[in-house]
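Asks: Provide a 3D model corresponding to the input given below.
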Amino acid sequence: MSVLYILYQVIRISFSILQWLIIARVVLSWVNVDYNNPLVRFIYEFTEPILAPFRRLIPRGSVPLDFSPLFALIFLQLLENFILRIILGTFF
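Replies: Model prediction:
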């Protein structure tokens with residue numbers, strides 16, 4: 001196995017885990033959870049630095065919905081594709 005293939009897989013898996021953590025956070029926001037639970041705390045503490053910039057860019061106004069996870073997921077997908085194309089050398 002080449003080093004590039006291993007790097008490619010590590011990046012894909014890392015982004016996938018991050019995206020699933022954001023989705024888990026969205027689901028947790030819909031249900032009544034114990035925020036003192038270590039797993040819930042981990043998910044919130046791990047995803048907050050990613051979601052916070054999108055919250056600052058997208059004002060909620062009078063809408064009770066938080067669209068920052070949606071925009072974060074789109075951004076992460078674009079970033080993953082960009083990085084993987086650079087690694088594979090097919091950027092142009």
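Asks: going forward, measure contacts and count neighbours with C-alpha atoms only.
Replies: Fine.
Asks: So what's the gap between the longest helix seen in the chain and the chain middle?
Replies: Looking across the chain with DSSP state H, the single longest helix is helix 3-30. The gap between where helix 3-30 is centred and where its chain is centred comes out at 7 Å by C-alpha atoms, centre = their mean, to the nearest Å.
Asks: How about that helix, which residues are buried there?
Replies: Y8, I11, R12, F15, L18, Q19, L21, I22, I23, R25, L28 (16 or more other C-alpha atoms under 10 Å).
Asks: Would you mind listing the buried residues in stretch 64-79?
Replies: Buried positions in stretch 64-79, judged by neighbour count with 16+ other C-alpha under 10 Å: S68, P69, A72, L73, L76.
Asks: show me where pLDDT drops low in the protein?
Replies: Flagging of the chain using pLDDT under 70 yields the residue ranges 1, 90-92.
Asks: run the last query once more with 90
Replies: Scanning the chain with the threshold set as pLDDT under 90 gives 1-6, 55-66, 86-92.
Asks: which element is L78 on?
Replies: Per DSSP states H and E: L78 is located in helix 68-88.
Asks: and the angle from that helix to helix 3-30?
Replies: Put simply, helix 68-88 runs at 180 degrees to helix 3-30, going by axes from the mean of the first three to the mean of the last three C-alpha atoms, to 10 degrees.
Asks: elements contacting helix 68-88?
Replies: helix 3-30, helix 38-57 (3 or more C-alpha pairs under 8 Å, 6 or more residues apart in numbering; DSSP states H and E).
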